[in-house]
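Trainee: kindly return the folded structure for what I paste below:
(2 chains)
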Amino acid sequence: MKPKLILGIIAIVAFTSLLLYNFGESISTYTDFEKAETMKSAHVPGTWESERDYGFSRETMQFSFYMKDESGEVKKVIYSKPKPNNFEQADRLVVIGEMRNDIFYASEMLMKCPSKYNATDAESYGAQPVAAGIQGK
Amino acid sequence: MEGIIGKWLINASFVSAIVSLVFYGLAAREDDIKKIKWAHVFFTLKGLFLLMASVVLVKLIFDHQFQYYYVFNYTSLDLAPKYLWSAFYGGQEGSFMLWILFSWISGFMLIKWTRDPYRAPVMFFLVLTQVFLISMIVGWKWDGFNLGASPFRTIAEEMPDAPFIQANPDFVPADGSGLNDLLKSPWMMIHPPVLFIGFAMMTIPYCFAMAALWKRKYNEWVSPALPWTLGANLALLTAIFLGGYWAYITLSFGGYWAWDPVENASLVPWLIGTAGIHTMIIQRKSAVAQKSSLLFAILAYIAIVYETFLTRSGILADSSVHSFVDLGLYNQLLIFMLVVIIAGLGMFFYRYKELPSPDQEHGVLTREFMTVSGAMALFILGAVIILGTSSPIIGLLFNENPTPPEISFYNDWSMPIAIVMALMTVIGQMLFWQKHDSESLSTALIQPLMVTSFVTILAIMIYDVRNFYYMFYLFAGFFAITGNLWVLIRLAMKQPKLIGGTTTHVGFGLLLVGILFSSAYNSPLLDPRTADYNERVLAGEVTDEQGFRVSQTVEMLELKLNTPKILNGRYEVNYGGYSIDNQNRPGQQTYALSFKDLKTDRVFYMNPEVYPMLTTSTADNIQWSVDPDVRTGWLHDIYLYVAGSSYIEKVNNRNATNAVMQNVSDSADSLSQNTMSIEQVVSFRRGENKELGPYIFRFNDFIMVDSTDVPNERGVGVRAQIDFTHIPSNTQYSLEPLFAVYNEDGESYTASFPVNIEAYELEVRFTKLDPENDSIELTIVGLPEGLEDEWILIVAEKKPLISVVWAGTFLLLIGFSISIFRHWGRERKLSV
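Mentor: Down below sits the predicted model:
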C-alpha cells in the first residue's frame, strides 16, 4: 500500500474515533429524580403537577413548580428564568439541571407541546368538543 | 362527496405515476422513443390529478368543511384567507402534496432541457421518488395495514372509537381547532413552499448521478446537474434564512439558530449540496473528482430523505421542539429512505471500479486540490451535524435512553472546521483564477493579510475580545472576507459574469464573523442592581436559604410604571403603560417602552406584545404567548420581550379564583370592601389605558355634546368616552362623564358630573381638559388605598452585528444566483 493511503486511513480513523468519543461524552441519558441526585447535569422527563403551587416569584426572580418524574416521584423544580411559553400546554416536560437537597435546579427546560405541529392523541381531541364547540349536525 | 373525489384523484395520480415509472424504465433500457412518449403522457396525468386533488383540498379548507380531519385540525372560521391558503401545506399530508407538485414542475423542465441519453433514466428516478411521496398520502387500508394517510379522511375515519363519533357518526364540528398562533406569520407562509422547491430541486442531481451510473456516462451529467444543484441550494438557504429570521423575531429563545434537530436537518443537505457544487465545478474544469461529484449528488438527496424521515416519523419527539404530527408513516418513510440509500450507494459501489479517476496527481497548491478539500470540509461538517442530530439512534450505542448532545458539541466541532474552511477559501480562490507557486502565492497574500490583521486587531479592541481562540477564529473570518474581496474586485473588472463563487465566499466570511459576535458577545441589558447581583453570583458569593451556592444569574428585570431605570449604563428605559387590542389577536397587550440612549441622547420606542394563545386558551385558563420586539441596527440589535406584568398576574389570579371559588359569587366585592376609599386624580392621553388596582380605565375619545346637556345654555360641553374593565370579573362598562364650561354672571365656571359604577362603588368625574396635550384628567373616588404599582418584567438583550449575519446570508444568496444564471444560460443554449 502507498504511504499516502495509510496516512489517510489513520487520519480518518483518528478523526472518527475522536468525534465518536466526544459525541458519547456530550450526550447523556434521560433519568429520574432519584438517580439525578448523583449526576452533575441530568435530563429528567416528567409531567407537571398542575394541582400544586406554581408560578414566578418576583422577589427571587425564579419560576417554580412541581414535577412528577417517570418513576412517579414528585419534586419541586426551580428555574431561574421567566415561565416558558406554552408551559401549561405541555403534556410532557424535560428539565435539565441538577438536584440539590430535594429541589431540582433547572438551567434549561424543554416543553413537548401538543401543538398544531404534533398533536394527534385522542385525549386532547376528546377534550376539544367543549372548547371548540363541536356540535352534532 | 368532495373528499371521495379527492381520494380518487390521489389514487389516479398514484397509478399514473407507477405506469409512467414503468414506461420510463423501459424507455431508459431500450432507448425507445415511443415508450418515452407514453411515459411523458402518464407523467403529465399524474401531476394533473394531483393538482386537481390539491384544488379540492384547498376548496374544502376555504369552505370550512370541518368534518374532514385535515380541515378541522389546521384551520378555523376566524382564520384570514392568506392563512387558510397556507393551511393547505401546514400539515404533513398537504406538505407532501406541495412537494410532489414542485417536483412535477421540475420534471417538465427536465423533459424539455435534458439531453439524451440521460433524459429517460433521469425521469425514471424522479418518478421513483414521486411514487414514494404519493404513497404517503393515498390512505389505503387493508386490515391492519395502512399505506399513507389521506388528507381527505374524515374525523369519523380518523378516530372511529372516540365516544362522540360512536354517539353520532355524522357529526360535524362547528369550528376547527385553528392554526398555531406562532405560525401566523408571513415568514411562515413562504417558508414551507421555498423549502419544498429546494427539496424538489435537490432530487435532480441525485437523478442525474443515478442516470450517469446506469448509462455509464460519468462526465457529461455534471453540466446539466450543476444549475439544479445551485438552484436547490439557493432555495434551501432561503428557507433556512426565513426559518431563522422567523425564530428570531417570533420566539423567546432570542436567536436565529439553536442547533435544534429540525434546523440541523435543513442545514445538512445544504452543506452536502454545496460540497457537490464544488466538486462538480472542478470536474467540469479539469476532469477530476468524478467519484466525489457522484457521491455528493447522491448523498445530498439522501440527506433530504433522512431529514424527512427524522422530522416526520416521530423519532425526534423528545429532542426537537418542532416535529410534525406522527401519522404512523414510520415504516413507509423507512422503506423510502432505505430504497434511496441502497439504490444510490449500491449503484455507486457496483460501478466503483470502472469510475474514471483523474489522469494526473495534483499538488497541494492547485485549484483542484483546494476545491476538493473545500468540498471535503463541507462534507465533514455535514457529517458531524448528522451525527449530533441522530442522537436518538446513534446515541443508543452509548446508553439506553440517549439525550441530544449538548450545544457545545456542535460549537466545538464546527468552529475549527469553519476556521479551516475560511483559510482555504482565500487560497482556493486565488489559485482558482490564477496559477501560483508558493512564492507568488505568498506575495499575492501579503496585502490581504495586512488588511486582515489590521481589521482583526481593531475588532478585538472594539469588542474587547479576550479569548485567544475567538481571536484566531475572527482572524480566519476577516481573512475570508478581505482575501475573497481582493479576488472579487479583480475578477469583477475583467469578467463580471464569473463573480458568483467569489461572492459566496465573501458572504461565508461575513457569516462567520457575524455568528461569533452575535452569539458570544450577546449581552443582557440589566440595571445596576441586577448586574451587581450577577457579579456576586459569578464570584460565588450568593447563597440561597439552604446555604447552597446560587449559580444562575438573573437576566431579566422589573420596571415600574413611569419609573425609569438605567440599563448597562447606556440606556434610560421607561415603561409607559400598555394598551389592549382586540383587533389582531383578541386580548393582546402592547407594552410601551421608551429607550433613551445616554450616549447620543436619541430616544426610541419598543412595543413588545403578549397575547393569549387562541388555539389552546379557554376563558378560564389563558395561555400567554410573547411576541418580542426587535430594534435592528447596523451595529447591534436590541431584542426585548415582556415576561410578565401586573395585568397578566391579575388575569391569572382571576382565573385561579374562578376555578377555586366558583360558589363564592361575589368574591370580588368582598375584596373591595376591605379597602379604604380614597379620591385619586389620574390623567390620560387619548387612547391611553391605565391600570388602577383591579380596574382598567381607557380613554378612547372625546364626544362632542350639544348644549342641551349643559346646565347653562350658554355653555359648552364635552364627554369623554371611557372603557372601564374590572379585571377580576372581566366586567366591562362604557362610561361617558361630562365636562362642561359655562358662563354665569360674566364669569366662567367648569363643571363635572359624577358617573357612578354601583357594582364597585366607584365614582368617576371628568375634572380637567387639556386640549393641547390631547389629554384629560379623571377624578375617581372609591379606589382601594395603597394601590400596587403597575409593573412589567422584561428580558432585553443587546446582540451585536446580527446585521452582518444577514449580510453574509444575502451575499451567499446573491452569489448562488449569479452562478445559476451563468451555468443555466450555458445549458439552455446547448439544449436547444
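Trainee: which elements pack onto the helix or strand encompassing B:Phe336?
Mentor: B:Phe336 is located in helix B:330-350, with elements delineated by DSSP states H and E. Secondary-structure packing of helix B:330-350 (3 or more CB pairs under 8 Å, 6 or more residues apart in numbering or on different chains; DSSP states H and E): helix B:119-135, helix B:186-215, helix B:290-312. Backbone N, C-alpha and C define where each C-beta goes, glycine included.
Trainee: helix or strand right after that helix?
Mentor: Proceeding N to C from helix B:330-350, the next assigned helix or strand is helix B:367-389, under DSSP H and E.
Trainee: quick one: what helix or strand has the closest residue to chain A within chain B in it?
Mentor: Using CB to the nearest CB, B:Ala643 is the residue of chain B that sits closest to chain A, at 3.3 Å. Element membership of B:Ala643, judged by DSSP H and E, is strand B:636-645.
Trainee: same check, this time on B:Arg765
Mentor: With DSSP H and E as the criterion, B:Arg765 is inside strand B:762-770.
Trainee: adjacent strands (with direction) for that strand?
Mentor: strand B:755-757 (antiparallel), strand B:775-784 (antiparallel) (DSSP bridges).
Trainee: OK, contacts around B:Met613?
Mentor: Contacts here follow CB atoms under 8 Å, 6 or more residues apart in numbering or on different chains; on that basis B:Met613 touches A:Asn86, A:Gln89, B:Asn180, B:Asp181, B:Gln623, B:Trp624, B:Ser625.
Trainee: oh, that last question was meant for B:Tyr533, not what I typed.
Mentor: Taking CB under 8 Å, 6+ apart, one finds B:Val542, B:Thr553, B:Val554 in contact with B:Tyr533.
Trainee: restrict the residues you listed to contacts with chain A.
Mentor: Here is what survives when the contacts of B:Tyr533 are matched to chain A using CB under 8 Å from any CB of the partner chain: B:Thr553, B:Val554.
Trainee: from the chain's centroid, how far away is stretch B:550-557?
Mentor: Here stretch B:550-557 is found 28 Å from its chain centre; the criterion is CA atoms, centre = their mean, to the nearest Å.
Trainee: quick one: average pLDDT of that stretch?
Mentor: On average, the pLDDT along stretch B:550-557 is 83.
Trainee: if we can go back for a sec, mind listing what's buried along the helix holding B:Phe336?
Mentor: By 16 or more other CB atoms under 10 Å in any protein chain shown, the buried positions in helix B:330-350 come out as B:Gln332, B:Leu333, B:Phe336, B:Met337, B:Val340, B:Ile341, B:Ala343, B:Gly344, B:Met347, B:Phe348.
Trainee: and if you look at stretch B:749-766?
Mentor: Across stretch B:749-766, burial judged by 16+ other CB under 10 Å covers B:Ala751, B:Ser752, B:Val755, B:Ile757, B:Tyr760, B:Leu762, B:Glu763, B:Val764, B:Arg765, B:Phe766.
Trainee: the second one belongs to a strand?
Mentor: Yes. Going by DSSP: H, G, I helix; E, B strand; the rest coil, the assignment for B:Ser752 places it inside a strand.
Trainee: so which of the strands paired with strand B:762-770 is the most surrounded?
Mentor: strand B:775-784 (a mean of 19; mean count of other CB atoms under 10 Å in any protein chain shown).
Trainee: just the C-alphas of that one, formatted as PDB.
Mentor: Extracted in PDB, the C-alpha atoms of strand B:775-784 (Å, rounded to 0.1, in the frame of the first residue of the first chain):
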ATOM      1  CA  SER B 775     -55.400  64.600  27.400                       C
ATOM      2  CA  ILE B 776     -57.900  64.700  30.300                       C
ATOM      3  CA  GLU B 777     -58.000  64.200  34.000                       C
ATOM      4  CA  LEU B 778     -60.400  62.000  35.800                       C
ATOM      5  CA  THR B 779     -61.100  62.100  39.500                       C
ATOM      6  CA  ILE B 780     -62.000  58.700  40.800                       C
ATOM      7  CA  VAL B 781     -63.400  58.100  44.200                       C
ATOM      8  CA  GLY B 782     -63.500  54.600  45.700                       C
ATOM      9  CA  LEU B 783     -60.300  53.100  44.500                       C
ATOM     10  CA  PRO B 784     -58.600  50.900  47.100                       C
END
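Trainee: what packs against the helix or strand that it is followed by?
Mentor: Next helix or strand after strand B:775-784 toward the C-terminus (DSSP H and E): strand B:791-800. Here strand B:791-800 touches helix B:500-520, strand B:523-524, strand B:557-560, strand B:571-581, strand B:636-645, going by 3+ CB pairs under 8 Å, 6+ apart.
Trainee: skipping adjacent residues, who's closest to the residue nearest the centre of chain A in space?
Mentor: Residue closest to the mean C-alpha point of chain A, counted by CA atoms, centre = their mean, is A:Val94 at 1.7 Å. Nearest non-adjacent residue to A:Val94, counting by CB to CB, 6 or more residues apart in numbering or on different chains: A:Leu110, 4.2 Å away.
Trainee: confidence score at the one you found?
Mentor: 80.
Trainee: before we move on, what SS does it have?
Mentor: The three-state label given to A:Leu110 by three-state DSSP is strand.
Trainee: excluding its backbone neighbours, what's nearest the residue of chain A found nearest chain B?
Mentor: Chain B sits closest to A:Pro82 of chain A, with a gap of 3.3 Å, by CB to the nearest CB. In this structure, A:Pro82 finds its nearest non-sequential neighbour in B:Ala643, 3.3 Å apart by CB to CB, 6+ apart.
Trainee: burial count for B:Leu213?
Mentor: Counted by other CB atoms under 10 Å in any protein chain shown, the residues lying close to B:Leu213 total 25.
Trainee: just the strands in chain A please.
Mentor: Under the criterion DSSP state E, strands of chain A are mapped to A:42-48, A:55-57, A:62-69, A:74-79, A:92-100, A:103-112.
Trainee: weakest of the ones you listed by average pLDDT?
Mentor: Of all those, strand A:55-57 carries the lowest average pLDDT, namely a mean of 80.
Trainee: what is that strand packed up against?
Mentor: In terms of contacts (3+ CB pairs under 8 Å, 6+ apart), strand A:55-57 is packed against strand A:62-69.
Trainee: list the contacts of the strand it packs on.
Mentor: A:32-33, A:44-49, A:52-57, A:74-83, A:87, A:93, A:95, A:104.
Trainee: pull out the buried residues from the residues you listed.
Mentor: A:32-33, A:44-46, A:48-49, A:54, A:56, A:75-83, A:87, A:93, A:95, A:104.
Trainee: which residues sit in contact with B:Ser135?
Mentor: Counted by CB under 8 Å, 6+ apart, B:Ser135 has contacts B:Phe14, B:Leu147, B:Gly148, B:Gln332.
Trainee: do the same with B:Leu614
Mentor: Going by CB under 8 Å, 6+ apart, B:Leu614 touches B:Gly178, B:Asp181, B:Arg585, B:Pro586.
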